[in-house]
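Asks: here's a sequence, model it:
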Amino acid sequence: MLLLRKSGAISFDDILTVNGLRCITFQQACQEYGLLRGDQQWHDALNDAAQFQSPRQLRMLFAMICGFGDVEDVPDLWVQHQVSLCEDFVHRYSEQTGHHYALADIEELLKSYNFSLQKLHLPTVDLTASVLERANFDVVEQQAKANSYTMQLNSKQRNVVEILLSAVYNNAADTPKCYFLDGPAGTGKTFVHSVVAPKCEIFNCVYEEVFCD
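Replies: Below is the predicted model of the structure:
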């Protein structure tokens, strides 16, 4: 943008000089030329994305903007768009709790850019990664995936899955809740887990799996 405004520039100093005054940064030079609109471009980007992207995708975009976009007022960007950024969590929990989960998710996403909520002067929250992972669980998507995998089970794998899910769905005190699945490599132990795990999540069942070689 600056090169289009500054014809005949032969050095960085030439590009940084606006009306006889040398700017410290290229951003400042752009502002002097009136090429930037503050954070309006980021507001526009989030508003446009909110028309067709999911809240999770919006949080990813928000984190990317904060990581690369040199936002002037991150707290204001959060406040202006928190409704769309938190929509899924608010629908699932409550307004206050939903905001906490959304901020925790953004915190995890910001780590890829070496940022944090605190560095960006956003409200901080304390949620473990495991809790957040469960909160981001997409029931419809996982149900479809589990159903697709179920169709591919062979007879022995299907028998194991039926036994495990029977234990999940049966709340009787005498129902065994600990199982050991043994089999050579390539027999589908991990595949069985791929079917059972999402069904446990959908049923809101707390479970723990241990893999041993």
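Asks: from here on, just use CA atoms for contacts and neighbour counts.
Replies: Fine.
Asks: from P75, how far off is H121?
Replies: 7 Å (C-alpha to C-alpha, to the nearest Å).
Asks: which one's more surrounded, those two?
Replies: Shown here are H121 and P75; by other C-alpha atoms under 10 Å, P75 has more neighbours (14 against 11).
Asks: name the nearest residue to the more buried one, ignoring sequence neighbours.
Replies: In space, and not counting its chain neighbours, P75 is closest to L122: 5.7 Å by C-alpha to C-alpha, 6 or more residues apart in numbering.
Asks: how close does that neighbour sit to C86?
Replies: 14 Å.
Asks: looking at those two, which is more packed in?
Replies: Neighbour totals were compared for L122 and C86, and C86 leads with 24 against 16 (other C-alpha under 10 Å).
Asks: quick check: phi and psi on the more buried one?
Replies: Dihedral pair for C86: phi -110, psi 0, per degrees, to the nearest 10.
Asks: wait, it sits on P55?
Replies: Yes. C86 lies in contact with P55 (C-alpha atoms under 8 Å); the separation is 6.5 Å.
Asks: and the strands in the chain?
Replies: Counting by DSSP state E, the segments of the chain that form strands are 17-18, 21-22.
Asks: so for the last one, mean pLDDT?
Replies: The average pLDDT within strand 21-22 is 90.
Asks: and what of the first one?
Replies: When pLDDT is averaged over strand 17-18, the result is 86.
Asks: could we number from 38 for the rest of this?
Replies: Sure thing, new numbering starts at 38, so read that last one as strand 54-55.
Asks: so where's this structure shaky on pLDDT?
Replies: When residues are selected by pLDDT under 70, those of the chain lie in 164-179, 238-250.
Asks: helices of that one, start to end?
Replies: Ranges of helices within the chain are 39-42, 49-53, 63-69, 77-86, 92-105, 111-129, 132-147, 166-172, 176-187, 192-206, 226-239, based on DSSP state H.
Asks: among the ones you listed, which is nearest L218?
Replies: For L218, the closest of these is helix 226-239, at 7.3 Å, according to C-alpha to C-alpha.
Asks: any idea how far N208 is from the residue nearest to C60 when sequence neighbours are not counted?
Replies: Nearest non-adjacent residue to C60, counting by C-alpha to C-alpha, 6+ apart: L53, 5.2 Å away. Computed as C-alpha to C-alpha, the L53 to N208 distance reads 71 Å.
Asks: neighbour count winner among these two?
Replies: L53 (22 against 11).
Asks: contacts only, for that one.
Replies: 59-63, 66 (C-alpha atoms under 8 Å, 6 or more residues apart in numbering).
Asks: out of those, which is most surrounded?
Replies: Neighbour tally across those (other C-alpha under 10 Å): the maximum, 20 neighbours, falls on A66.
Asks: that one and G57 touch, don't they?
Replies: No. Contact criterion C-alpha under 8 Å: A66 and G57 do not qualify, at 11.5 Å.
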